[in-house]
Structures are given as structure tokens and as C-alpha cells.
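Asks: Next input, structure requested:
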Amino acid sequence: MKNFLKLSFLPINNDIALLFIRVWFCTSLFVKHGIEKFTKFPQMVTHFPDPLHVGPTIGLSFALVADAICTILIILGLGTRLAAIIMVINLLIVFALLHQFSFMKDHAELVYTYLGLTIFIVLAGPGKYSLDNKLPK
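Replies: Reported below is the predicted structural model:
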């Protein structure tokens, strides 16, 4: 009974867990936000928020890189930590400047969750099952 409560019958494989979180999380972000930015860029740029006052085209372009290109890189495990850092910057801007660190704003809890998962990937790295691991050191 004690082993059952500890779930010790399940194998421990951190590399599979890292692969799972990379693929699951980044696929979700890519499908919900990345594809939209690729396919609707001209329509989105007309109403995209500009909290840094760099212009909506630059802001949307950075968000497109973070939400589309970086998510694909992380799924593949290629340039994982750098891609995740770019995503952290984007998510911090969204959470801090658009949601004012408040969970009461629309979708703020989702941004907070995405931010936490992305910081986890920065800290943990891609794991054994990644293209980063196949590259020469």
C-alpha cells in the first residue's frame, strides 16, 4: 500500500518528462497564438497593443517570433534555452504591462501559467530527447 501511495510503480524518467512538457506546452501555445500571428499578421497589426511604444509592427513581430518560431524551436529542442528566454521576455511584457501583474484581467492566469512553464524550460533545459543534445558540445 505504501508503494502504491508513492506511485513508485511508475518509472522515473526526467528526460521523457522534459520532452512531454516541451511538446505539450509549446504545441498549445503555437496552435492558439503562433498560427494566428502567422496567418492574420496584417489584420492584427492594426489593433495590436504597443505597451513599449516601439510601434505595433515591431511588437507584433516580436510576439510572432516568441509565439510561433520559438515554440517550434522548443518542441524540436533546438536552441531551447535561448528560445525560452525570448518567450520569457515576451510573456513578462504581456503580464507586467498589459495585465499589470493582476490575475483579474482577461487571460492573465493563462499568461502566468505560460510564463511559469517557460521559466521551467529555461532552468531545466531541453533534456536528452532534443536536437540540442545531438549537437556537438
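Asks: quick one: buried residues of the helix or strand hosting Ser61?
Replies: Using DSSP states H and E, Ser61 maps to helix 56-64. Residues Gly59, Leu60, Ser61, Phe62, Ala63, Leu64 are the ones in helix 56-64 that count as buried (16 or more other CB atoms under 10 Å). Where C-beta positions appear, they are placed from N, C-alpha and C, glycine not excepted.
Asks: Ok, stretch 119-137 next?
Replies: Buried-residue list, stretch 119-137, by 16+ other CB under 10 Å: Ile119, Ile121, Ala124, Pro126, Gly127, Tyr129, Ser130, Asp132.
Asks: want to throw those into CSV with pLDDT and distance to Met44?
Replies: Putting the buried residues of stretch 119-137 into CSV (pLDDT from 0 to 100; distance: CB to CB, whole Å) gives the following:
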residue, pLDDT, distance to Met44
Ile119, 97, 26
Ile121, 97, 26
Ala124, 95, 32
Pro126, 95, 30
Gly127, 94, 33
Tyr129, 96, 34
Ser130, 97, 31
Asp132, 95, 31
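Asks: Leaving out the residues flanking it, which one is nearest to the most centrally placed residue in the chain?
Replies: Nearest to the mean C-alpha position of the chain, by CA atoms, centre = their mean, lies Thr118 at 4.9 Å. Counting by CB to CB, 6 or more residues apart in numbering, Thr118 lies nearest to Met87, which is 4.7 Å off, once chain neighbours are set aside.
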